[in-house]
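[1] No letters, just coordinates:
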């Protein structure tokens with residue numbers, strides 16, 4: 001597990017600046033297990049992809065976007081690629097009332113990105129001067145007014161708001177709340193290539209096939225088959241960003257052929273895996 005971007009005592013402290021910005025660049029993957037802290041957190045990458053997990057679901061997020069996690073919300077993070085280069089803004093709980101109440105993916109404006117870069121240069125826990133306090137308020141306003149990267153966990157938002165470049169679309173995977181359904185979802189998220197069919201998953205969840213199908217769709221907005229395809233797509237994106245070969249990814253995820261995998265990828269993201277990777281810029 002990677003070291004935290006911000007020491008735990010500072011992430012849990014109500015003292016110090018209302019916002020604390022940090023940046024980090026280092027070789028290797030950044031992998032942070034599920035944790036929580038008193039400050040809210042906005043985090044993103046300078047390039048590549050991040051996988052973020054929360055109680056509501058999981059996202060694979062490109063560098064054009066960030067994820068907001070409110071105070072005390074459990075979350076995990078993993079980067080993909082040979083090196084990690086990312087940033088975080090920690091917001092005092094007292095300043096989070098006007099910010100999103102649930103974890104969400106947000107588009108990163110140029111103003112927000114530049115404000116983070118400036119705030120990351122501020123020294124330690126020193127009180128903010130007048131100019132710094134104004135910039136801190138700009139950061140809070142940008143989070144509060146930020147455009148959602150997606151509507152919910154839909155793969156495709158409205159055409160007018162959806163990024164034209166498929167490498168700029170985060171992919172969301174909603175998690176059900178029912179313990180029986182969550183058991184199935186977690187097993188598939190861990191191994192999207194699992195070949196079990198509806199009857200076997202129903203037995204695994206101690207439900208009838210009808211109950212599993214109806215309740216899973218009601219809680220996630222997707223059928224079990226659609227959800228599994230989304231889980232496979234997310235795993236494929238992670239492995240592409242990590243440099244794995246398309247053929248290995250296709251076969252490991254249970255596709256009968258590389259062409260079938262590429263066709264699924266193109267239907268979902270409007271580009272082949274190779275074209276997607278070029279646009280991602282990893």
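    Nice, thanks for sending it over. This structure is a prediction, so every number in the text was calculated from the model and none was measured.
[2] Give the next helix or strand downstream of the longest helix seen in the chain.
    The single longest helix within the chain, with elements called by DSSP state H, is helix 224-241. Proceeding N to C from helix 224-241, the next assigned helix or strand is helix 246-252, under DSSP states H and E.
[3] Can you name every helix or strand that that next one contacts?
    helix 224-241, helix 258-269, helix 273-280 (3 or more C-beta pairs under 8 Å, 6 or more residues apart in numbering; DSSP states H and E). For glycine as for every other residue, the C-beta is placed from the backbone atoms N, C-alpha and C.
[4] buried stuff in it?
    246, 249, 250, 252 (16 or more other C-beta atoms under 10 Å).
[5] For the closest residue in space to the first one that isn't next to it in sequence, the count of nearby residues, please.
    Excluding the flanking residues, the one nearest residue 246 by C-beta to C-beta, 6 or more residues apart in numbering is residue 273, at 5.0 Å. The number of residues packed near residue 273 is 21, by other C-beta atoms under 10 Å.
[6] My guess is residue 273 contacts residue 244. True?
    No - counting by C-beta atoms under 8 Å, residue 244 is not a contact partner of residue 273; they are 10.1 Å apart.
[7] Mind putting the helices and strands packed on helix 246-252 into JSON lines with mean pLDDT and distance to residue 87?
    Output for these, formatted as JSON lines (pLDDT from 0 to 100; distance: least, C-beta to C-beta, whole Å):
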{"stretch": "helix 224-241", "mean pLDDT": "93", "distance to residue 87": "18"}
{"stretch": "helix 258-269", "mean pLDDT": "92", "distance to residue 87": "25"}
{"stretch": "helix 273-280", "mean pLDDT": "83", "distance to residue 87": "18"}
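[8] Just name the most buried of those.
    helix 224-241 (a mean of 21; mean count of other C-beta atoms under 10 Å).
[9] That one vs helix 273-280, what angle?
    Orientation of helix 224-241 against helix 273-280 (axes from the mean of the first three to the mean of the last three C-alpha atoms, to 10 degrees) gives an angle of 60 degrees.
[10] what angle sits between helix 224-241 and helix 258-269?
    Going by the same axes, to 10 degrees, helix 224-241 makes 100 degrees with helix 258-269.
[11] Which strand residues bridge the closest residue in space to residue 96 that isn't next to it in sequence?
    Nearest residue to residue 96, sequence neighbours excluded (C-beta to C-beta, 6+ apart): residue 40, at 4.6 Å. Taking DSSP bridges, one finds residue 91 as the beta-bridge partners of residue 40.
[12] and what of the one 4 residues further on?
    With DSSP bridges applied, residue 44 shows beta-bridge pairing to residue 66, residue 87.
[13] any idea which element the closest residue to residue 176 other than its chain neighbours lies in?
    Nearest-residue entry for residue 176: residue 219, 4.0 Å, with adjacent residues in sequence omitted and distances by C-beta to C-beta, 6+ apart. Element membership of residue 219, judged by DSSP H and E, is helix 209-220.
[14] List the contacts of that helix.
    Helix 209-220 is contacted by residues 153, 174-178, 180-181, 184-185, 198-199, 201-202, 205, 207, 222-224, 227 when judged by C-beta atoms under 8 Å, 6 or more residues apart in numbering.
[15] Off-centre distance for that helix?
    24 Å (C-alpha atoms, centre = their mean, to the nearest Å).
[16] Nothing else from me, thank you.
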